[in-house]
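Participant: One predicted model, sequence on top.
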Amino acid sequence: MKKKYIFLLVLAVCFIGLTSCNNEYLYTEPNNPVTTRTDTSESLKDSPFPFGLAVSVNYLKNDECYKEIVKGEVTRISTENAMKMNVISRGRKEYNWIDPDYIVGFAHNNNLKIHGHTLLWYRQTPQWIANFKGEKEDWIEIMKEYIFDVVGRYKGKVSSWDVINEVINDNGEVYEKNGSNENLWMKNIGIEYIDLAFHFAHEADPDALLFYNEYGYEYSQSRRKGVNELVNSLKKRGVPIHGIGLQMHTNINHPISDLRNSIIMLADSTKLQVHISELDVSLNPKHDPALKLTDELLKRQQVHYCEIVKAMNRIPKEQQFGITCWGVIDSSSYMAPNPDWPLLFDNYYQKKPAYQGVIEGFNVGVN
Ligand code: G3I
């Protein structure tokens, strides 16, 4: 009889533990206690350069433990989706500010900087833009209106912006059409849209730092060449660009030397601030639906994170804009369904070995 009561008590405690962390996002994982987040002994705020997390409005609104991690761990957040054009723009001069305003309020209340992602991208463009008919001047006008209205609204609140995102193809050229991807700004304005976008953003908020965000610098010589040439041509023309974002959605099979060299080379060839802007380290790059999480995979991920942090530590201090991980807990990652576990915190809000890798990188990375 006594044993039965003890069993029921244990069940009740487990239930409370689960619900206190909003179990909607939890899944079962071996060898991992279900508990609220208790280990606050060290924090990503101890980083020698700014360390950030990309956040989702839905998680911030619905998941207290997720919110606690963001508040306790970092000094800057990036907007994973809330400041994309398809979220904000509903028509010409028609806006939905609910999600971006929520993030700005959250950041203000918790003393966090915001990196706004992203003003222009070939994806996530609203339908009315795709349907828009007009001359080059009309396209410049709608782009200017959008940038002025968004950057202007958050002037002094968003301290840095990705102005353009993913603009070159694998040959290193700024493209109008790349397979099924069509860059409407490039198509309707031409390559000067890039200069104009930076100028408009700078005019709207002269204090905001402006970035070009790109993927794949680490895995292709032609992509590296294309990015370097684009950045250096912008600089030569006096375009107000302050930094370059290296997304770095990478995986445990990617050679560490490539990752390290790409960070150092980018800093050296552009002399701009470097943001590792969307870091995650996939454990399942081949999307094997049956893959199981193992300690060995977690250990390999730890080493990758550590080496990336060390490489950031090696570039000149004034160029270290910092590192941002593309999400908070594994299940909030866009890769989670693959399945995958690419981030620093597990689904029980606990620090993973990857987190320890980051802390190790902070401590041993300086020249
Ligand atoms: O919010 C809607 C929801 O209302 C709807 O019911 C649901 C149905 O599909 O979609 C939800 O929106 C999704 C959104 O993520 C929020 O979860 C979109 O469909 C989905 O396309 C969107 O994916 C995002 C993707 O960019 C496209 O915008 C990912 O979360 C985001 O992590 C990813 O981030 C990109 C960077 O911006 C640029 N670099 C690559 C990176 C990874 O792809």
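Facilitator: Structure received.
Participant: residue boundaries of the strands in the stretch 51-200 of the chain?
Facilitator: 51-55, 76-79, 89-91, 94-95, 113-116, 120-121, 160-165, 177-178, 181-182 (DSSP state E, counting those that start in this stretch).
Participant: and of the ones you listed, who's closest to L234?
Facilitator: Smallest distance to L234 across the strands of the stretch 51-200 of the chain (CB to CB): 9.9 Å, for strand 160-165. Every C-beta, even on glycine, is put in place using the N, C-alpha and C of the backbone.
Participant: Could you list the residues in contact with the closest one?
Facilitator: Identification of contacts with strand 160-165 by CB atoms under 8 Å, 6 or more residues apart in numbering yields 113-121, 147, 151, 194, 197-198, 201, 208-214, 241-243, 245, 277, 321.
Participant: is it possible to export the strands of the stretch 51-200 of the chain to JSON lines including distance to N228?
Facilitator: Putting the strands of the stretch 51-200 of the chain into JSON lines (distance: least, CB to CB, whole Å) gives the following:
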{"stretch": "strand 51-55", "distance to N228": "25"}
{"stretch": "strand 76-79", "distance to N228": "24"}
{"stretch": "strand 89-91", "distance to N228": "32"}
{"stretch": "strand 94-95", "distance to N228": "36"}
{"stretch": "strand 113-116", "distance to N228": "22"}
{"stretch": "strand 120-121", "distance to N228": "21"}
{"stretch": "strand 160-165", "distance to N228": "16"}
{"stretch": "strand 177-178", "distance to N228": "19"}
{"stretch": "strand 181-182", "distance to N228": "22"}
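Participant: Out of those, flag the one nearest N261.
Facilitator: strand 51-55 (21.7 Å).
Participant: residues in contact with that closest one?
Facilitator: For strand 51-55, the surrounding residues in contact (CB under 8 Å, 6+ apart) are 44-45, 69-70, 73-80, 103, 113, 115, 117, 278, 322-328, 358.
Participant: Give me the mean pLDDT for that strand.
Facilitator: Averaging pLDDT along strand 51-55 gives 98.
Participant: buried stuff in that strand?
Facilitator: Going by neighbour count (16 or more other CB atoms under 10 Å), the buried part of strand 51-55 is 51-55.
Participant: ditto for stretch 157-172
Facilitator: 157-169, 172.
Participant: what's the average pLDDT for the longest strand along the chain?
Facilitator: Secondary structure of the chain per DSSP state E: the longest strand is strand 273-282. For strand 273-282, mean pLDDT rounds to 98.
Participant: roughly how far out does that strand sit from the chain middle?
Facilitator: Centroid separation for strand 273-282 versus its chain: 7 Å, with CA atoms, centre = their mean, to the nearest Å.
Participant: Report the separation between the most centrally placed residue in the chain and L291.
Facilitator: When CA atoms, centre = their mean is applied to the chain, the residue found nearest the centroid is E278 (3.4 Å). Going from E278 to L291 by CB to CB, to the nearest Å gives 22 Å.
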